[in-house]
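# heads up, no residue letters with this:
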């Protein structure tokens, strides 16, 4: 299987479909527009923020920190680096980088009963998602060999937004 075919299969699996086509569930029909954000981070590079209580509070919401602190020092850094990656990937899926009108705490990374990550949007991120017609964000997060990586897929109706023109 070629790399593009593997990526299409991975997206289909992530979005719960058997083909590369994403379809609506429920009463709607037709394809669901999606936007993808990706981020990769060296866990060692993130360690300084993870070790500093003020840095952690600046980036993470209280609920994110309660769970991370329960993991112990060694595992906390890896966990928070992954959540940091997830915030970056989510911001990219929304069409903005953090610092471009979005703050770190506008995106909260949650976990379901099985530990799977999710994104809960607050403040400016929620406003941006609502304005764009984003109805949800799906995350896939992994840590390996000193790296954290996250793919975020925002899905919904996607109302076009005005973006500033690039200088050429």
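Arrived safely. Everything numeric here is computed off the predicted structure, so don't read it as measured data.
# show me where the protein has strands.
Along the chain, the segments classed as strands by DSSP state E run 34-42, 107-111, 117-121, 134-144, 147-156.
# Give me the mean pLDDT for stretch 37-46.
Stretch 37-46 comes out with an average pLDDT of 94.
# Residues in contact with that stretch: which ones?
Here stretch 37-46 makes contact (Cβ atoms under 8 Å, 6 or more residues apart in numbering) with 77-78, 80-81, 84-86, 88-94, 143, 146-154. (Glycine included, C-beta is placed from N, CA and C.)
# Go through it and flag the buried ones.
For stretch 37-46, the buried set under the neighbour-count rule, 16 or more other Cβ atoms under 10 Å, comprises 37, 39, 41, 43, 46.
# Can you give me every residue that contacts the residue nearest the centre of the chain?
Nearest to the geometric centre of the chain sits residue 90, at 3.2 Å (Cα atoms, centre = their mean). By Cβ under 8 Å, 6+ apart, residue 90 lies in contact with 37, 107, 109, 119, 121, 125, 137, 139, 152, 154.
# In the helix ranked longest in the chain, which residues are buried?
In the chain, taking DSSP state H as the definition, the longest helix is helix 73-93. Buried positions in helix 73-93, judged by neighbour count with 16+ other Cβ under 10 Å: 76-93.
# Next, the angle strand 107-111 makes with it.
Angle of helix 73-93 versus strand 107-111, following axes from the mean of the first three to the mean of the last three Cα atoms, to 10 degrees, is 120 degrees.
# Distance from helix 73-93 to the middle of the chain?
Remark: helix 73-93 is offset 9 Å from the chain centroid, using Cα atoms, centre = their mean, to the nearest Å.
# what does stretch 35-42 give?
8 Å.
# still on that earlier bit, so can I have CSV of the contacts of residue 90 showing distance to residue 63?
Formatted as CSV, the contacts of residue 90 follow (distance: Cβ to Cβ, whole Å):
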residue, distance to residue 63
37, 22
107, 13
109, 10
119, 13
121, 14
125, 16
137, 17
139, 16
152, 19
154, 22
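# how near is the nearest residue to residue 37 once chain neighbours are set aside to residue 40?
Spatial nearest neighbour of residue 37, chain neighbours left out: residue 92 (3.0 Å); criterion: Cβ to Cβ, 6 or more residues apart in numbering. Using Cβ to Cβ, to the nearest Å, residue 92 is found at 12 Å from residue 40.
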